[in-house]
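**Student:** Kindly generate the corresponding structure for this input.
(one chain, ligands or ions: 1)
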Amino acid sequence: MARYSKGKWTNWAGNQVSRPHHIHRPNDEEQLAGIVQRAAAEGRTVKPVGTGHSFTATATTSGHLIRLDDMGSLSHVDRANATVTVGAGITIDALNNVLHGLGLALPNLGDIAYQTISGAIATSTHGTGRHLTGLAGQVKRLRLVDGTGRVHDLGPEHGDVFQAARVNVGALGIVSEYTLGVVPAFRLQAQEGARKLDDLLENLDSLVDGNDHFEFFWLPHTPWALTKRNNRTDDPVPPRTPVDRARHWWSKTFIENIGFGALCEIGRRRPSLIPRLATALPSSGQSTYVNDSFRIYASKRIVKFLEMEYSIPREHCAEALSRIRSMIDTHGHLVSFPVEVRFTAADDITLSTAHGRESAYIAVHMYKGTPWPVAERYFRDVEEILASYSGRPHWGKLHFRSAGDLAPLYPKWGSFIGARNELDPQRVFANDYTRQVFGD
Ligand SMILES: Cc1cc2nc3c(=O)[nH]c(=O)nc-3n(C[C@H](O)[C@H](O)[C@H](O)COP(=O)(O)OP(=O)(O)OC[C@H]3O[C@@H](n4cnc5c(N)ncnc54)[C@H](O)[C@@H]3O)c2cc1C
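**Tutor:** As a prediction, the model looks like this:
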């Protein structure tokens, strides 16, 4: 979670810090609108924040910081239309539990559930699944307080403004409430195991097309990748004995977090050991298990890191990854974190990173505490490769692109800027990041 201490805000990764003029925790939309109106009258900026899980400066502010922690409850369930309406400050974890109690679920999720639904949707957060979009694809309606404090109830009938507001990068206003599409609760069978990267890349299409959710983690400096295949099942969740629970803790908490963290720390102190440590990188081995969908999607993340992720057209995935592998060797990068690869369907949301194309997502990480020049060199080298496939950076993960690079990547860029001019003409929601990516 983000940290609040003595008026200072720090994001989860610890690489972004704000000293806001004032921190607010409104209880309802009216209070929220009042804060925006007063700030606009004072000529100050406003920034809504979630749980600070973005690595970019997207949630930073020297103006009024708004926490929506007290605006996160479920207000309506519409079973006939398969939607629920929730306050924008709800965390994904809380939402998952509320939905589960109602026999409902979100169809797809990313790999953690600590974020707020609004922060996740604002940055085009996604999971994996060839037939499934990112979280913003579930937004059926939303309520947004604009830069003058006016409230808009937006749905598909609002055309371009609605499509812009779904992935809004915190730049159009403050979403107070979402109506989200949901599905009946379901279970997944997870199959995890190691596979040679070359073999995996040769069979990539059948793995992506043949599973509901396929992803893999290539271990740099080794020929190995860890694969995850999650598929819907009617099998029940088996009762878990104390031994099962201990085994689960061993593989998911001890091996994947504590053991992995220890190896990363050794690698940080002695980088030359990283290639050798990589061959011992912990994997929980082959395992198959069944659980409720949301418990399979989300994992624990104890080890801190910095991350960059790009979406590219799916058909270039194998080639791009092979180029990254060669580049790591030829440039001598020492990388202790796996490279994560996921897939989603195309969508029609203006600034979704999967707008108009089936996408592969390639994410690279550096252990927290790695000297920034070392991490930066790696991220820039990977960015150069992924940008060459018209890659689009995740709005919440590190990148070095600015408005001039980004505009040509989004066919409806102009309509987003038009919506911004309409909803926030005074740039009340501006910060350093909006200046970088939208170029005021
Ligand atoms: C460990 C870890 C794992 C992650 N896993 C994934 C993953 O699997 N898939 C993926 O795609 N991403 C992933 N991310 C990235 C993460 O989902 C995004 O950065 C997301 O934006 C974080 O949500 P948040 O609640 O922390 O929002 P913040 O980072 O606090 O804010 C993000 C943006 O949302 C805006 N915002 C927040 N609330 C509102 C609101 N009410 N109205 C308008 N704008 C608002 C903020 O102003 C800001 O621009 C991961 C990040 C971490 C640290």
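
**Student:** Which parts of the chain belong to which domain?
**Tutor:** Per automatic domain parsing, the structural domains of the chain span 74-184+403-438, 187-393.

**Student:** Get me the contact residues on the stretch 201-350 of the chain for the ligand.
**Tutor:** residue 301 (CB under 6 Å from any ligand atom). For the C-beta atoms, the positions are set from N, CA and C on the backbone; glycine is no exception.

**Student:** quick one, helices of the stretch 201-350 of the chain?
**Tutor:** For the stretch 201-350 of the chain, helices defined by DSSP state H, counting those that start in this stretch occupy the ranges 204-209, 242-248, 260-269, 274-279, 293-297, 317-331.

**Student:** packing partners for the second one?
**Tutor:** Packed against helix 242-248 by the contact rule (3 or more CB pairs under 8 Å, 6 or more residues apart in numbering; DSSP states H and E) you find no helix or strand.

**Student:** in that helix, what's buried?
**Tutor:** Residues of helix 242-248 include none that count as buried (16 or more other CB atoms under 10 Å).

**Student:** hang on, the earlier thing: mean pLDDT added to the helices of the stretch 201-350 of the chain, as TSV?
**Tutor:** TSV is the format used below for the helices of the stretch 201-350 of the chain (pLDDT from 0 to 100):
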stretch	mean pLDDT
helix 204-209	98
helix 242-248	74
helix 260-269	81
helix 274-279	79
helix 293-297	96
helix 317-331	97
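
**Student:** In the chain, where is pLDDT below threshold?
**Tutor:** Scanning the chain for pLDDT under 70 picks out the ranges 254, 281-285.

**Student:** quick one, what contacts the residue most central in space within it?
**Tutor:** In the chain, the residue lying closest to the centroid (CA atoms, centre = their mean) is residue 125, at 3.6 Å. Applying CB atoms under 8 Å, 6 or more residues apart in numbering, we find residue 125 in contact with 110, 115, 119, 134-136, 394, 396.

**Student:** The ligand next: which of the residues you listed are close?
**Tutor:** Among the contacts of residue 125, the ligand is touched by 110, 115, 119, 394, 396 when using CB under 6 Å from any ligand atom.

**Student:** residues contacting the fourth one?
**Tutor:** Residues touching residue 394, when contacts are defined by CB under 8 Å, 6+ apart, comprise 123-125, 308-311, 353, 361, 363.

**Student:** among those residues, who's most crowded?
**Tutor:** When neighbours are taken as other CB atoms under 10 Å, the top entry among the contacts of residue 394 is residue 311 (30 neighbours).

**Student:** Tell me what it is bridged to.
**Tutor:** Residue 311 has these beta-bridge partners by DSSP bridges: residue 361, residue 392.

**Student:** My read is that it contacts residue 389, right?
**Tutor:** No - here residue 311 does not reach residue 389: they are 9.5 Å apart, not a contact under CB atoms under 8 Å.

**Student:** related to what we said a few turns ago, ok, the contacts of residue 394 vs residue 8, which is closest?
**Tutor:** residue 123 (22.4 Å; CB to CB).

**Student:** Around the ligand, pick out the residues from the stretch 51-200 of the chain.
**Tutor:** So far as CB under 6 Å from any ligand atom goes, the stretch 51-200 of the chain lies against the ligand at 51-54, 58-59, 68, 88, 110-112, 115-116, 118-120, 122-123, 125-126, 168-170, 174-175.

**Student:** 5 Å - rerun?
**Tutor:** 51-54, 58-59, 88, 110-112, 115-116, 118-120, 122-123, 125-126, 170, 174-175 (CB under 5 Å from any ligand atom).

**Student:** Return the distance of residue 30 relative to residue 48.
**Tutor:** Counting by CB to CB, to the nearest Å, the gap from residue 30 to residue 48 is 16 Å.

**Student:** So which of the ones next to the ligand among the contacts of residue 125 wins on neighbours?
**Tutor:** residue 119 (28 neighbours).

**Student:** Quick check: chain neighbours aside, which residue is closest to that one?
**Tutor:** residue 50 (2.4 Å; CB to CB, 6 or more residues apart in numbering).

**Student:** what sits against that neighbour?
**Tutor:** Per CB under 8 Å, 6+ apart, neighbours of residue 50: 59, 68, 89, 115-116, 118-120, 122.

**Student:** change it to 10 Å
**Tutor:** 1-2, 11, 58-59, 67-69, 88-89, 91-92, 114-123, 170, 396 (CB atoms under 10 Å, 6 or more residues apart in numbering).

**Student:** Mind giving me the PyMOL command for buried ones among those?
**Tutor:** For the buried members of the contacts of residue 50, the matching PyMOL selection, counting by 16+ other CB under 10 Å, is:
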select buried, resi 2+11+58+59+67+68+88+89+91+92+114+115+116+117+118+119+120+121+122+123+170+396
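
**Student:** So which of the contacts of residue 50 are in strands?
**Tutor:** residue 67 (DSSP state E).

**Student:** Between the ones next to the ligand among the contacts of residue 125, which sits nearest residue 255?
**Tutor:** residue 110 (21.5 Å).

**Student:** Could you measure from that closest one over to residue 296?
**Tutor:** 12 Å.
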